[in-house]
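Trainee: Generate coordinates for the sequence data below:
(2 chains)
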2 protein chains.
Amino acid sequence: MFLLNGERRHCVDVSDRGFQYGDGLFETIEVFQSKPLFLPRHLKRLQKGCERLLIPLPELTLLEDEAAQLCVGVERAVLKIIVTRGSGGRGYRQPDSIVPTRLLGLHPFPQYPDCFQRDGIVARFCEQRLAINPVLAGIKHLNRLEQVLARAEWRSDDVQEGLMLDYDEHVVEGTMSNLFFVKNGVLHTPLLVNCGITGIVREIVIDFALCNNIVVCEQQFDKQSVLAADEVFVTNSVIGVWPIRRIDRQCFGVGRITRTIQQGYAQAREADTKL
Amino acid sequence: MFLLNGERRHCVDVSDRGFQYGDGLFETIEVFQSKPLFLPRHLKRLQKGCERLLIPLPELTLLEDEAAQLCVGVERAVLKIIVTRGSGGRGYRQPDSIVPTRLLGLHPFPQYPDCFQRDGIVARFCEQRLAINPVLAGIKHLNRLEQVLARAEWRSDDVQEGLMLDYDEHVVEGTMSNLFFVKNGVLHTPLLVNCGITGIVREIVIDFALCNNIVVCEQQFDKQSVLAADEVFVTNSVIGVWPIRRIDRQCFGVGRITRTIQQGYAQAREADTKL
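Mentor: Now for the predicted structure:
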């Protein structure tokens, strides 16, 4: 079910710059018991992204109302919000007056096996790299060919996620997730200044760690640092927190800090459902 | 006027991966007297792009027929062809069986003042950089935020084009064109291995130069090399060959080799209309 600029439609004009150039942004949000979880955080990130891309953000109350409308009676789903620069302009030049397109859509919540969260998943390092582009780093824009090509590197269901490096050999994130690892009791996560997306769950995990005496180290790491970790996990708004039990041929246990983080995220999630 | 998968429609499903991720390619073609010019070259580039992105190319004869159909009775226009990976798949993962979307659309041919081609245009160096990403270099894919942001840097009609560098300080191309410069009688153009689009007119210009005893040097150049040039020009399928008379505060004459290239392109264009 979709709401396109407030109307129940699922077709967008081919002149929309989202279709022509990937000129827009998106948010992927867990819906639970009619509630889009962590919506203010998602809308804040959307707002920052719109500022960076010079797209006027649709009224926040409008987005909130339409999200609420779509989610009525929905037990569990994925809400995707897309905002584009709309139609118009000549070529890459934007229209003098931008009328953004907004699309809210509900999608089925994927049914992942319990063992992914409990025992961990299998990941691999991808060949496809993330280009270094600080202007676009952090924001969840629509230019996602790198992720599409990285994901196309494997078809087997034996692997659940691919980890991506940038062209400076730094590990950045998964194709659809942020990455964390634990070494000597310290929680590490890549600094996302050159590429990557600053995830909402990533943010929640960092906040939780800092409030619970877990030292957090945010910097640039190479492949070896990740492979030498004691514990590794990935995060996003749909999977929550998944431990990684193997990357290529390197195995990992599901450690104490990962479990603590999973519990912390579960608590944050539960608190949010009650708001 | 649009043909979407062969039907007269101008609305695409919001689940199309072209809209979701910029997961596709495009061609921009001059139409003259009912003929899409240099169509085989454009379709060959589209084919190479589809191979790189692992998108099955729609039947070439289908694209040719639909292009011909759209162009009947059209004196002059711009034909844009978009091919996407269609809908389906879960997230970035592509569908097991890809049904590409093809869109052909006619757009008005822009009316540029004669003086652009005759006396040259004004350009500026952009702040926005092109990210280094060899896998995506050369192909005309839909992930165009860098060009959108570069073009947003100026609004004034006093400037016609912006020149973009990569993050290694190499000048690559214009926001909507390829770049050439002449120094000491040698034609130079950036080597497009890390980013940029290998233009059709760029190709024709290089072929013409090589056939007419003009030495062509394709390598990586810094800003200073361009600013120290004797002549500078830009190319694309809609503008043809435009001399640059000024980049920021550096002025250039319209030189002999640029004029020769303009004539050469005009001849190639005329020959193509007669095919």
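Trainee: all strands of the stretch 101-250 of chain A, in order?
Mentor: With strands called from DSSP state E, counting those that start in this stretch, the stretch 101-250 of chain A shows them at A:101-108, A:121-125, A:161-165, A:170-174, A:178-183, A:186-190, A:216-219, A:221-222, A:231-236, A:240-247, A:250-251.
Trainee: between the ones you listed, which gets nearest to chain B?
Mentor: strand A:101-108 (5.7 Å; Cβ to the nearest Cβ). In short, each C-beta sits where N, CA and C put it, glycine included.
Trainee: Number of residues surrounding whichever residue of chain A sits closest to chain B?
Mentor: Relative to chain B, the nearest point of chain A is residue A:22 (2.8 Å; Cβ to the nearest Cβ). Using other Cβ atoms under 10 Å in any protein chain shown, residue A:22 has 27 neighbouring residues.
Trainee: before we move on, back to that, output the strands of the stretch 101-250 of chain A as CSV; include the columns mean neighbour count and distance to chain B.
Mentor: Output for the strands of the stretch 101-250 of chain A, formatted as CSV (neighbours: other Cβ atoms under 10 Å in any protein chain shown; distance: least, Cβ to the nearest Cβ, whole Å):
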stretch, mean neighbour count, distance to chain B
strand A:101-108, 20, 6
strand A:121-125, 21, 14
strand A:161-165, 23, 9
strand A:170-174, 25, 10
strand A:178-183, 24, 15
strand A:186-190, 21, 17
strand A:216-219, 13, 20
strand A:221-222, 18, 19
strand A:231-236, 26, 10
strand A:240-247, 22, 14
strand A:250-251, 13, 24
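Trainee: For burial, what's the neighbour tally of the closest residue to residue A:55 other than its chain neighbours?
Mentor: Excluding the flanking residues, the one nearest residue A:55 by Cβ to Cβ, 6 or more residues apart in numbering or on different chains is residue A:85, at 5.1 Å. As a burial measure, residue A:85 scores 28 neighbours (other Cβ under 10 Å).
Trainee: tell me the contacts of residue A:85?
Mentor: Counting by Cβ atoms under 8 Å, 6 or more residues apart in numbering or on different chains, residue A:85 makes contact with A:17, A:18, A:23, A:24, A:53, A:55, A:94, A:95, A:98, A:100, A:101, B:148.
Trainee: So which of the residues you listed belong to helices?
Mentor: A:17, A:18, A:53, B:148 (DSSP state H).
Trainee: Name the member of those residues with the most neighbours.
Mentor: Ranking these using other Cβ under 10 Å puts residue A:18 first, with 29 neighbours.
Trainee: just checking, that one touches residue B:19?
Mentor: Yes. With contacts defined as Cβ atoms under 8 Å, residue A:18 counts as touching residue B:19 at a distance of 5.3 Å.
Trainee: about what we covered before: okay if I get the strands of the stretch 101-250 of chain A as a markdown table plus mean pLDDT?
Mentor: Converted to a markdown table, these look like this (pLDDT from 0 to 100):
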| stretch | mean pLDDT |
| --- | --- |
| strand A:101-108 | 97 |
| strand A:121-125 | 98 |
| strand A:161-165 | 98 |
| strand A:170-174 | 98 |
| strand A:178-183 | 98 |
| strand A:186-190 | 98 |
| strand A:216-219 | 98 |
| strand A:221-222 | 98 |
| strand A:231-236 | 98 |
| strand A:240-247 | 98 |
| strand A:250-251 | 98 |
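Trainee: between these, which one is nearest to residue B:120?
Mentor: Nearest of the strands of the stretch 101-250 of chain A to residue B:120, taken as Cβ to Cβ: strand A:101-108 at 37.4 Å.
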